[in-house]
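>>> attaching a predicted model along with its sequence, questions to come.
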Amino acid sequence: MTQTSVQHPADNTPAAAAPVARKVPTERIHHGDTFVDNYEWLRAKESAEVVEHLKAENAYQETVTAHQEPLREAIFQEIKGRTQETDLSVPNRKDGWWYYTRSAEGKEYGIQCRVKAQDTGDPVADWTPPAVEAGVELSGEEVLLDCNVEAEGKPFFAVGGTAVTVDGNLYAYAVDNAGDERFTLRFKDLRTGEMLPDVIENIFYGVSFSPDGTRLFYTVVDDAWRPYQVKSHVLGTPVTEDEVIYQEDDVAMWLGFDLSSDRRHLVLSIGCSEYSETRLLRFDDYDAGLATVISRDERVLYEAEPFLLEGAEKILVTHNRDAINSMVSLVDPAELTKPLAEQEWTTVVGHSDQVRVNGAGVTSTHVIVSVRKDTIERVQVLALAGLGTPAQGDPVEPAFDEELYTAGVAGSDYEAPVIRMGYTSYFTPSRVYDFVLPTAALPVGELLLRKESPVLGGYSSADYVATREWATAADGTRIPLSVLRHASVARDSSAAGLVYGYGSYELSMDPGFGIPRLSLLDRGIVFVIAHIRGGGELGRHWYEDGKKLHKKNTFTDFVAATDWLAGSGWVASTRIAAMGGSAGGLLMGAVANLAPEKYAAIVAAVPFVDALTTILDPELPLSALEWEEWGNPITDPEVYAYMKSYTPYENVGPRAYPKIAAVTSFNDTRVLYVEPAKWVQALRSVSTGAEPIVMKIEMDGGHGGASGRYVQWRERAWDYAFVADSVSAVELLPGAGLK
């Protein structure tokens, strides 16, 4: 490895030496096409030379951005100063207990607690959470898990799932100390505080006890980090004897599980983004084994929820059968023995071109439906009485008074008279509501505000403005934008701007409050969230028009959003930055190649910039699962050629690239560190510009970065300081900032 000196743009003096990795040409040949990769050797994670190179990248980054340290510290203090550090979650009732999490000033992690619930016979009162004060212990409060104690002396800490038996006696929790999303499961007897001897290594997210508390279900990943087994552990028996409930051998299918709402079934979900399969296991007939609802061979994308309707067994199916935006149907299990074309299904929620149905669940009295309309996620409830008959009632939707918001079910219990809802908007801190389900006496239900997260430092939503705007893509498609700014920014084409995007996997960039973002808005940066194709904001078509052989729409939509901002009258076109992470990092790499001149800086977090190399190797983590999103370049020459025409690493060329920061983690299993490591080398080797290209690598983190809230605040402060410095927006607006 050698070093090359770069000029500091401000004074033309040598600022730092960028690491230059040696070139080791490796040929990648597919479909008659040869690509020579000079930096593939950086994949050798165990190599001392590779580790030294990554450390040199960090040292270079630290030197190049050293002048941003005061700004980083200021942003960190602003985040800290607006956050109530000693706080708690709203207690959530499960069976006979209220569960909640405390956070304490100076501590990185939460403390999980519970307190006994009361049963007075008044259902709404019994489901009204107790008033818990920050820093004040409740009578009878039990600490289930102090994550600060668990994390002590560990380089990384994350909890991947917890479970409590119905009787409240046993507690299971899964911990990751590396950032690689493989967890160790332990058990605690809550009556005595004693740890049980049972320990299960290398499990994935998700754990659940059987209703009788004798066994625990968990998921295991294969060598490619794909969840492929659901296993059952009987407490007190050797882990080597754990039963494999189901194993999914199709490398393109993802496996997960849950308990049905009424806890009578184990529900296995197998699928990709295009079709799925649900298998059910009855706890009252465990030895009968798994029953399939609809075979994957039918190529239907669906979810199934078994439940009792007036004492009769029914299955609620949310599906895309003849319904691209999905719908909800009621199915008698007896129908499932017939060929699909002959089955009779009853419509509960019909298909609409304007409304995307995301999912449905049940309580003992209502169906709860999650839908997306006009880009906004909404919740609707339908009474079970008369369901699927002409007597079915109209849906009831909790009403909110903002135009741009996000509302979703945050939890429900089968017997509860309320559902827990989360609510947020760009400038409304997250709220927790209980929605009292409609009754004859209360036909529209009732929203009960349980908590609004406090924001300190004199925060007022009146200081900020959020509007919905529309950019026009080259093909005439209108792209929704969320435009956020400080109210005092003048529309005189002088401000700085940041465009943020993702645009993959049908994930929507929904309105949400974020304390760190205020530090950018307070410096006069106009923040645009581009709801580009490939996301899910405008229904299933919106997603399908930005995947596989339509993927380039995602990138050109983002450029169109940038052009809208440049011509909006708010900003100077020379003061626009771009930011995105993961698949949004691929987006950053693509727009850097497409339109580098439009950006003063680009921040690409855990960026999927060497996508073609990754997807061509089915042995790499999660590669096979990506075929449904991008296509399969191994078998399809058209997909290979199309991907090669846009993937960032292959398309780096002699251009004047802007300032670029690639931010990654050494232990990320979703986007390996080698992708940004190779990319920055390729960029530096051909860029005709003088701007620095840096890589910041967290040596102890995973896909979400390092663990611990203070560490994460510092990471966000690093990203935002890089942006603000690059667009010359480092000073607070008059009157803005912490009060």
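That came in fine, so what should we check first? Residues are numbered from 1 along each chain as shown.

>>> what's near enough to touch D332?
Applying C-beta atoms under 8 Å, 6 or more residues apart in numbering to D332 gives the contacts 312-315, 344. All C-beta spots, glycine's among them, are computed from the backbone N, C-alpha and C.

>>> to clarify, my last question referred to T614.
608, 620, 623, 626, 672, 675 are the contacts of T614 under C-beta under 8 Å, 6+ apart.

>>> and P417, by the same measure?
With contacts defined as C-beta under 8 Å, 6+ apart, P417 is in contact with 123-124, 127, 365, 436-437.

>>> among those residues, which are located in helices?
In this view, those that belong to helices under DSSP state H are 123-124.

>>> direction included, what does the helix or strand containing L447 pair against?
L447 belongs to strand 446-452 when elements are defined using DSSP states H and E. Take DSSP bridges as the rule and strand 446-452 pairs in its sheet with strand 431-436 (antiparallel).

>>> list the contacts of the strand it pairs with.
In this structure, residues lying in contact with strand 431-436 by C-beta under 8 Å, 6+ apart are 89-90, 124, 127-129, 379, 381, 398, 410, 417-424, 442, 445-453.

>>> hmm, which of those residues are the buried ones?
Among the contacts of strand 431-436, those buried by neighbour count (16 or more other C-beta atoms under 10 Å) are 89-90, 127-129, 379, 381, 398, 410, 417-424, 445, 447-448, 450-451, 453.

>>> next, count neighbours for T574.
A count of nearby residues for T574, using other C-beta atoms under 10 Å, gives 13.

>>> for it, which non-adjacent residue is closest in space?
Leaving aside its chain neighbours, T574 sits nearest to A600 (6.5 Å; criterion: C-beta to C-beta, 6 or more residues apart in numbering).

>>> same deal with D492?
Spatial nearest neighbour of D492, chain neighbours left out: G569 (7.7 Å); criterion: C-beta to C-beta, 6+ apart.

>>> S493 is in contact with the one you found, correct?
Yes. Contact criterion C-beta atoms under 8 Å: G569 and S493 qualify, at 5.7 Å.

>>> between these two, who's got more neighbours?
A direct count of neighbours by other C-beta under 10 Å for G569 and S493 places S493 higher, at 14 against 11.

>>> could I get the contacting residues of the more buried one?
Contacts for S493 (C-beta under 8 Å, 6+ apart) come out as 569-572.

>>> again, only this time at 10 Å
566-573, 575 (C-beta atoms under 10 Å, 6 or more residues apart in numbering).

>>> that older thread, looking at the contacts of D332, state which has the most neighbours.
Using other C-beta under 10 Å as the neighbour criterion, I315 leads the contacts of D332 with 23 neighbours.

>>> name the helices or strands packed onto the helix or strand hosting that one?
Assigned by DSSP H and E, I315 falls within strand 312-319. Strand 312-319 sits against strand 276-282, strand 302-309, strand 327-331, strand 345-349, strand 355-362, strand 366-373, with contacts defined as 3 or more C-beta pairs under 10 Å, 6 or more residues apart in numbering; DSSP states H and E.

>>> in a markdown table: the contacts of D332, plus pLDDT.
Formatted as a markdown table, the contacts of D332 follow (pLDDT from 0 to 100):
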| residue | pLDDT |
| --- | --- |
| A312 | 95 |
| E313 | 96 |
| K314 | 97 |
| I315 | 98 |
| E344 | 96 |
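
>>> where's the nearest residue to V220 once chain neighbours are set aside, which helix or strand?
Counting by C-beta to C-beta, 6+ apart, V220 lies nearest to Q229, which is 4.2 Å off, once chain neighbours are set aside. Element membership of Q229, judged by DSSP H and E, is strand 227-234.

>>> show me which residues of the helix or strand following that strand are buried.
Remark: after strand 227-234, the chain's next helix or strand is strand 243-247, criterion DSSP H and E. Neighbour counts over strand 243-247 (16+ other C-beta under 10 Å) mark 245-246 as buried.

>>> which element follows strand 243-247 toward the C-terminus?
Along the chain past strand 243-247, the next helix or strand (assigned with DSSP H and E) turns out to be strand 254-259.

>>> give me the angle between that following strand and strand 276-282.
Counting by axes from the mean of the first three to the mean of the last three C-alpha atoms, to 10 degrees, strand 254-259 lies at 40 degrees to strand 276-282.

>>> the strand ranked longest in the chain pairs with which strands, parallel or anti?
Longest strand in the chain, counting residues (DSSP state E): strand 571-581. Note on strand 571-581: by DSSP bridges, its sheet partners are strand 495-501 (parallel), strand 601-605 (parallel).

>>> residue contacts, the residue nearest to T574?
If a contact means C-beta under 10 Å, 6+ apart, then A600 has 496-498, 572-578, 658-659, 691, 723, 725-728 as its contacts.

>>> is P429 in contact with S461, as I believe?
Yes. If you go by C-beta atoms under 10 Å, P429 and S461 touch, sitting 8.5 Å apart.

>>> so what's in contact with these two at the same time?
Jointly contacting P429 and S461 under the rule C-beta under 10 Å, 6+ apart are 455, 513.

>>> neighbour count winner among these two?
For P429 versus S461, the count of surrounding residues by other C-beta under 10 Å is larger for P429: 19 against 16.

>>> okay, S707: pLDDT?
Looking at S707, its pLDDT is 57.

>>> most centrally placed residue in this protein?
Geometric centre of the chain, nearest residue: L507, 8.2 Å, by C-alpha atoms, centre = their mean.

>>> which ones are touching it?
Going by C-beta under 10 Å, 6+ apart, L507 touches 534-537, 543, 582-584.

>>> need the buried ones from the contacts of T614 selected in PyMOL.
Per 16+ other C-beta under 10 Å, the buried members of the contacts of T614 correspond to this PyMOL selection:
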select buried, resi 608+620+623+626+672+675
